[in-house]
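K.L.:
Next comes the sequence, and after it the predicted model I'd like to discuss.
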Amino acid sequence: MKAIVPILTACLLSMTLWGCAAAHQSDGGHSLGQKTLVIQMPRDLPYVTFTNSALVGDDLFVCVGEKISSVDKVVDYNIKTKEVKTLFESHYGEAAVQGITANSKWIIWEDADANTDGGTFYILDRNTGRIEELDDCLGTTGDVSIFDPVLSGDFVAWFNEIRGKKTTVQLTNLKAQKTQVAATLAQAGSYHGALTLKDETLLWTDHVDGKGFYHIYQIDTQKTKTIEAPFAYPWSAKLSDGLLFSINFDDYHNWTGQDFGWFDPSDSSYHSYRLTGVDYINRFGIGGDILTVMDDQNRLHFIDLEKDKELEVNNPLKTIDSIDVSQDGRVVAGFRDSENSKATLAIFDFRKK
């Protein structure tokens, strides 16, 4: 399934650039500083385009291509040593390698033909280097489409759509090679946008009898908590510090008719968040206390959730094409310059010092 699509600072220190700026002083006295690493293609990373990335420690796993029309490789770029290792090459002439996600144990991505729908998800065991097809190793068939796998520890979860029949939430323990169905959705299809898997908590949304619902599944107990949402269609939901973030619709066919915000299930309150000069948002990510948003003009915004306000951030990317948030809260934003066969990735680090 093809993924939804979704800094030069004042101080330059090297050819691959680190920037620094004081972004915010928190009430608790901990400095929430900004550090930014800029990676320019093909100068720093010898490719001209990418689809998305996953940052784990010093390893930036990126889906890249040597020509604009084909993203055909997965590489490991070490942001400290600048070493590049090729992990995978597509067999398609014009490929669309995308949807990469990773942690300290596993890497998952999709390999697809750029000219057709559908593709195959692969999983790489970082301890052994072995690569397997996700559908083959889990025993699925050609009648099933896998949507957007998410990864945490040894667990991977995804939407399984059985064509014309139903959509299920699948959960696999990769170490034990055991798979279970966590849920069957009331509304089939992929409007839900994404699953969220963090530690042993799995989140998805559904629509039943005109109402929207958040479903929170605990892996250890195999129990699901269902919470009614304030909108009929909560999309791309994410859970952070007990709050449920989502792009919300009364009619999900009307993308511009959205409301973005977060729901607090402890008191059933909803906080709608509006950015000045922004009509709607395209996608978002959360890392720690920082909410990262791509707006309707593909511009990048950072919101301090503690202060409930937008941060002023040094940012060389006038517009962006991707947002990826690492498990430790760093943000990787990217811009694809198709006209000049160049691309830029910027890593924003807001972690408290």
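P.N.:
Arrived safely.

K.L.:
and the closest residue to residue 69 other than its chain neighbours, what is it in contact with?
P.N.:
Once flanking residues are discounted, residue 69 sits nearest to residue 94: 5.5 Å by Cβ to Cβ, 6 or more residues apart in numbering. C-beta here means a position set from N, CA and C on the backbone, and glycine is covered the same way. Going by Cβ atoms under 8 Å, 6 or more residues apart in numbering, residue 94 touches 69-70, 113-115.

K.L.:
Can you name the two of those that sit furthest apart?
P.N.:
By the measure Cβ to Cβ, 69 and 113 form the most distant pair in the contacts of residue 94, at 11.9 Å.

K.L.:
partners of the lengthiest strand in the chain, with directions?
P.N.:
In the chain, taking DSSP state E as the definition, the longest strand is strand 31-41. Next to strand 31-41 in the sheet, as set by DSSP bridges, lie strand 17-25 (antiparallel), strand 342-349 (antiparallel).

K.L.:
Contacts made by the helix or strand just after that strand with the rest, please.
P.N.:
Next helix or strand after strand 31-41 toward the C-terminus (DSSP states H and E): strand 49-56. Here strand 49-56 makes contact (Cβ under 8 Å, 6+ apart) with 3, 5, 41, 60-65, 67-68, 71, 79, 96-104, 107, 322, 324, 326-327, 330, 332, 334, 336, 338, 341, 343, 345, 347.

K.L.:
in the stretch 51-200 of the chain, which spans are helices?
P.N.:
Assigned by DSSP state H, counting those that start in this stretch, the stretch 51-200 of the chain shows helices spanning 134-138.

K.L.:
which residues of it score low on pLDDT?
P.N.:
Filtered on pLDDT under 70, the stretch 51-200 of the chain yields the residue ranges 135-144, 164, 189-193.

K.L.:
which residue sits closest to the residue nearest to the spatial centre of the chain, ignoring its sequence neighbours?
P.N.:
The chain has residue 324 as the residue nearest its centroid, 4.7 Å off, counting by Cα atoms, centre = their mean. Closest residue in space to residue 324, ignoring its immediate chain neighbours: residue 332 at 4.5 Å, by Cβ to Cβ, 6+ apart.

K.L.:
Would you list the phi and psi of the one you found?
P.N.:
Per-residue torsions, residue 332: phi -110, psi 110 (degrees, to the nearest 10).

K.L.:
Show me what counts as buried in the longest strand of the chain.
P.N.:
Buried residues in strand 31-41, counted by 16 or more other Cβ atoms under 10 Å: 32-41.

K.L.:
Mind checking the pLDDT average for that strand?
P.N.:
For strand 31-41, the mean per-residue pLDDT is 81.

K.L.:
comparing the strands paired with strand 31-41, which gets the lowest mean pLDDT score?
P.N.:
Among these, strand 17-25 has the lowest mean pLDDT, at a mean of 38.

K.L.:
which other residues reach stretch 150-158?
P.N.:
Residues outside stretch 150-158 that contact it (Cβ under 8 Å, 6+ apart) are 101-103, 105-106, 108, 121, 123, 134, 146-149, 169-176, 182, 194-200, 202, 219, 327.

K.L.:
just the buried members of the residues you listed?
P.N.:
Listed as buried from the contacts of stretch 150-158 are 101-103, 105-106, 108, 121, 123, 134, 146-149, 169-172, 174, 182, 194-197, 202, 219, 327; burial here means 16+ other Cβ under 10 Å.

K.L.:
need the contact list for residue 72.
P.N.:
The neighbours of residue 72, taking Cβ under 8 Å, 6+ apart as the test, are 65-66, 89-90, 92, 95, 97.

K.L.:
Next one: the residue lying closest to residue 121 once chain neighbours are set aside relative to residue 257, how far apart?
P.N.:
Leaving aside its sequence neighbours, residue 121 sits nearest to residue 134 (Cβ to Cβ, 6+ apart; 3.9 Å). To residue 257, residue 134 is 35 Å away according to Cβ to Cβ, to the nearest Å.

K.L.:
which stretches of the stretch 101-250 of the chain form strands?
P.N.:
Secondary structure of the stretch 101-250 of the chain (DSSP state E, counting those that start in this stretch): strands at 106-111, 120-125, 131-133, 144-152, 155-162, 166-173, 178-184, 196-198, 201-208, 211-218, 223-228, 233-240, 243-249.

K.L.:
For residue 288, find the nearest of those strands.
P.N.:
strand 233-240 (8.6 Å).

K.L.:
Residue 213 and residue 230: what is the separation?
P.N.:
To residue 230, residue 213 is 11 Å away according to Cβ to Cβ.

K.L.:
swap that for residue 299, please
P.N.:
Distance, residue 299 to residue 230, using Cβ to Cβ: 27 Å.
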